[in-house]
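K.L.:
Need a 3D model of the following:
(2 chains)
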There are 2 protein chains.
Amino acid sequence: MVSEFDIIRRHFLAATPAREDVLLGVGDDCALLQVPADRLLAVSSDTLVAGRHFDPGVAPDALGHKALAVNLSDLAAMGAEPVWASLCLTLPEADEAWIAGFAQGFATLAHRHGVQLVGGDTTRGPLSISVTVHGLLEPGRVLRRDAARPGDLLYVTGHLGDAGLALLARQGLYVRDGSMAELQQRLDRPEPRVDEGRAAAGLAHAAIDLSDGLGSDLRHLCEASGVGALLYLESLPLSNAVRDYVEETGDWSVPLSSGDDYELLLSVPADRQSVFERAARDWLVPATWVGMVDHGRTVRAMYPDGRLEHEITGGYDHFRE
Amino acid sequence: MVSEFDIIRRHFLAATPAREDVLLGVGDDCALLQVPADRLLAVSSDTLVAGRHFDPGVAPDALGHKALAVNLSDLAAMGAEPVWASLCLTLPEADEAWIAGFAQGFATLAHRHGVQLVGGDTTRGPLSISVTVHGLLEPGRVLRRDAARPGDLLYVTGHLGDAGLALLARQGLYVRDGSMAELQQRLDRPEPRVDEGRAAAGLAHAAIDLSDGLGSDLRHLCEASGVGALLYLESLPLSNAVRDYVEETGDWSVPLSSGDDYELLLSVPADRQSVFERAARDWLVPATWVGMVDHGRTVRAMYPDGRLEHEITGGYDHFRE
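P.N.:
As a prediction, this is how the structure comes out:
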């Protein structure tokens, strides 16, 4: 039987970049870290539970990727530069091949964003993963959730609903001609919009990452900011697959209420529209205008035919079925 | 059915102290925190899994206490001042009474140490708790695990083996005349030695907290420092209950190899003995000399009868049965 210390040492210790601001990494009671005097610290934690957030049969490297990605997405939504991560990994058994795969997925993404694994815990139990990430921010360049203002333009990065449609397909609830590989990739290996968030900080007023679905997350942003919003569904950025699905079924819930997009929703002051759009031209994924912030108290949506939905509800809540 | 957002809001948001260095707490994508320019950041994460680290039937307030306590103990072992915590709570159901009890145990301890809950995640699944704590340190006053030097004196805080004996009793493997309430308390509600750790920083060379058992944790400290050690079992600080048990059974594994003590093991340079012992007189629990650091490569133990154990092994490892 493999020791937990051995597991950590063998697969994780040298797997992520070594940063100069890490005075002590994995191996002591605590990690010891240096925050520059002119930076704020951003911290976020997320848990993925087998059978709830992922299929226990999912490829371990995809899971390692996703466990870090959903956390980096929270840093992205703040406009923060990712720096350190801790990993609490609970495993039913010490399956070395699985752990090696998980570590590889985790480490590959960590390298891409310069994140060092600095600590955590390995325990035995039902498969579940809690990651805590740390990021750094300039005090004047923070994307808060509560800072959207009436008149702001709403933008989203990338495309919406791909992960949701992939999940429907995986559950056998949707069959499509042609390959689903790209959609599955979007579900299993979401790309946190870290560079986009950092670039938007200082331009956008507010941001949130889309983990629960656009409708639900926009509602969170509006509630925190004390504003309302109107979404133009016609303007939502959709992949061909999701556009086909919506046209076939008339069901907007996939781009609007399915989770796991991990795109950013940005609330941009109107007088910065052109500078924001210019900046966004350099991004890997497009930023698309999807609606307006207003003085209301609800999130409304206008369908392509002009019909108005007066209050979007729904979205994912773990304790409401 | 209760919403996870409601659960967090109702029971945790106002439950812990509000610190001035928290610019944004629970509710945004990240917490936003201010680290003073002259401080290092210490971070540690620990997971407790039902059935592995605790009995699922344990009182929820004891569990809330313990989940934070075992993490604060890691900060104590570093000599850090606790400041912030994140809580990832995975629950099989949204049982409000249970959550209220858990939050109360967590918050009471958090208040005592000035720790603000700044974030986390609530998900549904098999009961498990991951906590990440943050502490602050002066650069010159750090208790590392790898800084013990031959000739150092080894001290432990409090008493050893109480939690281990309580566990034996709870499992029906040990019966004792008289009350076990105090021992059970030591198992269910360990007190992290935060003040003791902070006072020892700048005096001791090195420290580790005793989560796996003295033998095992001393071995970790020795391995990290490249040294050996000799323990004088006669000198171990034992409660009457544990002393009785050892005398009855001749079994030293309870004070030596059972986990969950959450006392500190400190490696103190000999020339600071008197100043260290003077400082320790003010502590809530005694600091007791138990052995020496030497040039060896193993941890040896001398029994009260003079017999020498040449290599202590054992201790708790989740993936070795």
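
K.L.:
Tell me the confidence at residue A:314?
P.N.:
What the model reports as pLDDT for residue A:314 is 57.

K.L.:
nope, residue A:321 is what I was after
P.N.:
36.

K.L.:
do residue A:180 as well
P.N.:
Predicted confidence (pLDDT) for residue A:180: 80.

K.L.:
Let me know the secondary structure of the residue nearest to it when sequence neighbours are not counted.
P.N.:
Excluding its sequence neighbours, the residue lying closest to residue A:180 (Cβ to Cβ, 6 or more residues apart in numbering or on different chains) is residue A:169, at 5.3 Å. The way it works is simple: take the backbone N, C-alpha and C, and place the C-beta from them, glycine included. The three-state label given to residue A:169 by DSSP: H, G, I helix; E, B strand; the rest coil is helix.

K.L.:
Over to residue A:150?
P.N.:
Of the three states, residue A:150 takes coil under three-state DSSP.

K.L.:
pretty sure it contacts residue A:294?
P.N.:
Yes - counting by Cβ atoms under 8 Å, residue A:150 does reach residue A:294; the two are 5.4 Å apart.

K.L.:
More neighbours: those two, which one.
P.N.:
Neighbours around residue A:150 and residue A:294, counted as other Cβ atoms under 10 Å in any protein chain shown, are more numerous at residue A:294. The numbers are 17 against 14.

K.L.:
Overlap of the contact sets of residue A:150 and residue A:294?
P.N.:
Shared contacts of residue A:150 and residue A:294, defined by Cβ atoms under 8 Å, 6 or more residues apart in numbering or on different chains, are found at residue A:227.

K.L.:
related to what we said a few turns ago, would you mind measuring from the residue nearest to residue A:180 to chain B?
P.N.:
Residue A:169 is 24 Å from chain B, where distance means Cβ to the nearest Cβ, to the nearest Å.

K.L.:
Pull the contacting residues for that residue.
P.N.:
By Cβ under 8 Å, 6+ apart, the neighbours of residue A:169 are A:175, A:176, A:180, A:183, A:184.

K.L.:
Just name the closest of these to residue B:196, please.
P.N.:
Set against residue B:196, the nearest of those by Cβ to Cβ is residue A:184 (52.9 Å).

K.L.:
Break chain A into its domains for me.
P.N.:
A:4-137, A:153-309 (automatic domain parsing).

K.L.:
Residue B:97 is nearest to which of those domains?
P.N.:
domain A:4-137 (22.5 Å).

K.L.:
any idea of the mean pLDDT in the closest one?
P.N.:
Average pLDDT, domain A:4-137: 91.

K.L.:
what about that domain, distance to the chain center?
P.N.:
15 Å (Cα atoms, centre = their mean, to the nearest Å).

K.L.:
Next: stretch A:161-168.
P.N.:
15 Å.

K.L.:
who touches that stretch?
P.N.:
Stretch A:161-168 is contacted from outside by A:174, A:180, A:182-184, A:186-187, A:190, A:213, A:238-239, A:241-242, A:245, A:253-262, using Cβ under 8 Å, 6+ apart.

K.L.:
now do the same end-to-end measure for stretch A:157-176.
P.N.:
25 Å (Cα to Cα, to the nearest Å).

K.L.:
Out of the contacts of stretch A:161-168, which end up buried?
P.N.:
A:174, A:180, A:183-184, A:186-187, A:190, A:213, A:238-239, A:241-242, A:245, A:253-262 (16 or more other Cβ atoms under 10 Å in any protein chain shown).

K.L.:
Please identify the helix or strand for residue A:207.
P.N.:
Assigned by DSSP states H and E, residue A:207 falls within strand A:206-209.

K.L.:
Which of the domains of chain A has the highest mean neighbour count?
P.N.:
For these, the largest average neighbour count (mean count of other Cβ atoms under 10 Å in any protein chain shown) is found in domain A:4-137, namely a mean of 22.
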